[in-house]
Each structure stands twice: as C-alpha cells, then as structure tokens.
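Participant: 3D model of this:
(one chain, ligands or ions: 2)
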Amino acid sequence: MNKMNEKRSNLTEDELKVGQYIQKIEDLKDNIIEYLNYLTKLDDTTKNLWISDIKEFYYNLSSAWMKLEHKNLEDSKNFLYGARNLLSKIISELKIFQNENSLKLVENVEKLFKKCWDAFWIVFKISITEEITAKSRETVIKVSDLKYHLVCAECGKIAVEFKIGYGRFDKKESLVFRGITHERSLNIKLAYELFEIFGEKNLLGIHNFMKKYHGYEGLDAFCPECNKIYCWEHYDAREEYDEGFYDCTYGICPNGHKRIIDD
Ligand SMILES: [Zn+2]
Ligand SMILES: [Zn+2]
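Facilitator: Ligands and ions are numbered 1, 2, ... in the order given. Modelled structure (predicted):
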C-alpha cells in the first residue's frame with residue numbers, strides 16, 4: 001500500500017480519482033464472477049466464457065489506467081473503449097437472468113463504470129486541449145496513387161484508409177478498406193470507380209459506393225447528416241450485444257445524429 005502511494009504521489013487529483021473507481025470496479029468484478037460461479041442454471045462452458053469476458057473487461061480497464069499513468073493517452077483510450085464494448089457484452093449476458101441479483105449487479109456496474117468513464121475523460125480533456133489546434137485540414141488525403149485517407153472532422157486523426165494492397169487474409173491484391181469498425185477487402189476492379197470519387201472529394205459518393213459494394217451501413221466513419229467523417233472517438237461508437245453475441249455498432253456524431261455504422 002505504501003509502495004503504491006509512493007509511486008502514485010506524482011499523479012494529479014483527477015488521475016487518482018480514476019484509480020479509486022478502478023479499485024471499486026475490481027471488487028465488483030469479483031462479485032460478478034462469484035455470482036456466475038454459483039449460478040446453477042449455467043453450463044460450465046458458458047460460465048467460463050462469461051467469466052473470461054469479465055476478466056478481459058477488467059484487464060482492459062486496468063490497462064487503460066496503466067497507460068494513463070504513463071501519459072500514453074491514445075493507448076489508454078483504446079483500452080477504455082475495449083472495456084466499454086466488453087461491458088456491453090457482459091451486461092447483455094447478465095440480463096438473460098432477470099433475477100434480483102443479476103439486475104442489481106448490472107445496475108451497480110453500469111453506474112460505477114459511468115463514473116469511471118467520466119473520470120478518465122476529465123483527465124483526457126485536460127491533456128488534449130493543447131493538441132487540438134489548426135482545424136483547417138483537408139478531409140480527403142491522397143497519400144499516393146494507391147492510397148487515400150479520410151480524416152476526422154473533429155480531431156484530424158486518420159479515420160479511414162483505402163488502398164490497393166493486401167488485407168490481412170488476402171492472397172491477391174485487393175481494394176482494402178479500413179474503417180473505424182472493421183476492415184474489408186473489396187474487388188480490386190472497383191478501385192478505379194472509387195478513386196474517381198475520391199478525386200471529386202465527394203464524401204457522400206464514397207458512402208454510396210460502400211453502400212452499393214459493401215453493405216447497407218455504407219462508410220462507417222461517415223455521418224450523412226453532417227456530411228462529415230468522424231473517428232471512433234468522435235463518432236462515439238459503441239458496440240451492442242444481444243445475449244452475449246455481437247449485434248451491431250452505433251455511432252452518435254458530435255451533433256447528435258445516431259445511426260448503425262456496422263451490422
Ligand atoms: Zn476524431
Ligand atoms: Zn452528424
């Protein structure tokens with residue numbers, strides 16, 4: 001305990017608050033695991049899967065905290081998003097049992113996580129305000145004849161990449177799309193049509209292209225109502241689960257427009 005205090009003495013008050021919430025969530029995590037262990041209605045395989053979800057959730061959260069302590073904000077945020085997605089999965093699992101105990105656990109963990117999330121963001125915002133400066137950036141960036149980037153309208157981070165190359169599982173060259181929710185390889189023959197649209201800097205055109213050749217949700221990072229691109233953070237993307245299975249990802253843009261961005 002003393003050692004911990006020593007190590008953390010150079011942290012700000014806001015940062016310490018994050019740590020306190022995480023300790024509380026750690027206890028709650030143990031309660032949930034205990035609850036699942038005693039749940040007779042659940043077979044062992046499912047039980048183990050759900051318990052590992054909770055452990056992974058906590059691992060993500062404590063990693064976010066560790067990264068925050070080391071001032072590595074990008075990694076910290078990514079772990080925090082990971083934790084939020086896993087929590088949404090866990091809650092969908094716990095909700096299958098509509099009994100008093102499980103509903104109480106859901107309520108507690110939701111409440112505590114919300115507080116912890118807000119505490120994280122207080123620290124992020126203090127550290128980030130300096131970074132957001134020049135806002136006159138290009139949305140569409142031609143990196144080369146084979147590669148294009150789309151950047152977030154809020155922060156200027158690269159949100160989407162299209163390139164001719166190899167996706168993770170590709171054996172032949174494809175038109176590789178990497179958005180904020182997933183990566184997909186499309187037929188390379190489509191590149192000509194797409195790059196033409198890129199030349200016009202027509203975001204809606206790119207969205208419609210993706211609707212036509214990829215899926216109904218179109219370009220995941222695009223808000224049609226704003227006609228803007230947002231990164232995962234600024235689209236406030238969150239995964240939804242139904243009884244433990246991935247359902248879809250919603251995005252809510254900074255102007256409050258909500259849509260399903262991955263299904
Ligand atoms: Zn952004
Ligand atoms: Zn919008």
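Participant: If you count contacts, what does the helix or strand containing Phe209 end up packed against?
Facilitator: Here Phe209, judged by DSSP states H and E, is contained in helix 203-213. Judged by 3 or more CB pairs under 8 Å, 6 or more residues apart in numbering; DSSP states H and E, helix 203-213 is in contact with helix 191-199, strand 222-223. Where you see a C-beta, it was placed from the backbone N, CA and C, and this is true even at glycine.
Participant: How about Cys231: what's its closest non-neighbour residue?
Facilitator: Cys152 (3.8 Å; CB to CB, 6 or more residues apart in numbering).
Participant: OK, contacts around Tyr148?
Facilitator: Val140, Ile141, Lys142, Glu161, Phe162, Lys163, Phe195, Phe198 (CB atoms under 8 Å, 6 or more residues apart in numbering).
Participant: What parts of the stretch 101-250 of the chain come near ligand 1?
Facilitator: When proximity is defined as CB under 5 Å from the ion, the stretch 101-250 of the chain approaches ligand 1 at Cys152, Glu154, Cys155, Lys157, Cys231, His234.
Participant: Mind doing that once more with 8 Å?
Facilitator: 152-157, 159, 230-235 (CB under 8 Å from the ion).
Participant: on that earlier part again, what's the angle between the helix holding Phe209 and helix 191-199?
Facilitator: Helix 203-213 and helix 191-199 are oriented at 160 degrees to each other (axes from the mean of the first three to the mean of the last three CA atoms, to 10 degrees).
Participant: Are helix 203-213 and ligand 2 in contact anywhere?
Facilitator: No: on the criterion CB under 8 Å from the ion, helix 203-213 is out of touch with ligand 2, staying 11.9 Å away.
Participant: before we move on, what about stretch 240-258?
Facilitator: Yes: between stretch 240-258 and ligand 2, judged by CB under 8 Å from the ion, the touching residues are Cys253, Pro254, Asn255, Gly256, His257.
Participant: now that stretch: mean pLDDT?
Facilitator: Mean per-residue pLDDT for stretch 240-258: 95.
Participant: can I get the CA coordinates of it in CSV?
Facilitator: Output of stretch 240-258 as CSV, limited to C-alpha atoms (Å, rounded to 0.1, in the frame of the first residue of the first chain):
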residue,chain,number,x,y,z
GLU,A,240,-24.2,-3.5,-28.8
TYR,A,241,-24.7,-7.1,-27.7
ASP,A,242,-27.6,-9.4,-27.5
GLU,A,243,-27.4,-12.2,-25.0
GLY,A,244,-23.6,-12.2,-25.3
PHE,A,245,-23.4,-12.0,-29.1
TYR,A,246,-22.3,-9.1,-31.2
ASP,A,247,-25.3,-7.3,-32.6
CYS,A,248,-24.1,-4.0,-34.2
THR,A,249,-22.2,-0.8,-33.6
TYR,A,250,-23.9,2.5,-33.2
GLY,A,251,-22.3,5.9,-33.7
ILE,A,252,-23.5,9.2,-32.4
CYS,A,253,-21.8,12.1,-34.0
PRO,A,254,-20.9,15.4,-32.1
ASN,A,255,-24.1,16.9,-33.5
GLY,A,256,-26.2,14.1,-32.0
HIS,A,257,-27.0,12.2,-35.2
LYS,A,258,-27.3,8.5,-34.5
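Participant: what ranges of the stretch 101-250 of the chain fall below the confidence cut-off?
Facilitator: Scanning the stretch 101-250 of the chain for pLDDT under 70 picks out 128-136.
Participant: mind listing the strands for it?
Facilitator: 140-144, 147-151, 158-165, 174-178, 183-186, 222-223, 228-229, 238-242, 245-252 (DSSP state E, counting those that start in this stretch).
Participant: which helices and strands sit right next to the helix or strand following the last one?
Facilitator: Toward the C-terminus, strand 245-252 is succeeded by strand 258-262 as the next helix or strand (DSSP H and E). On a contact count with 3+ CB pairs under 8 Å, 6+ apart, strand 258-262 meets strand 245-252.
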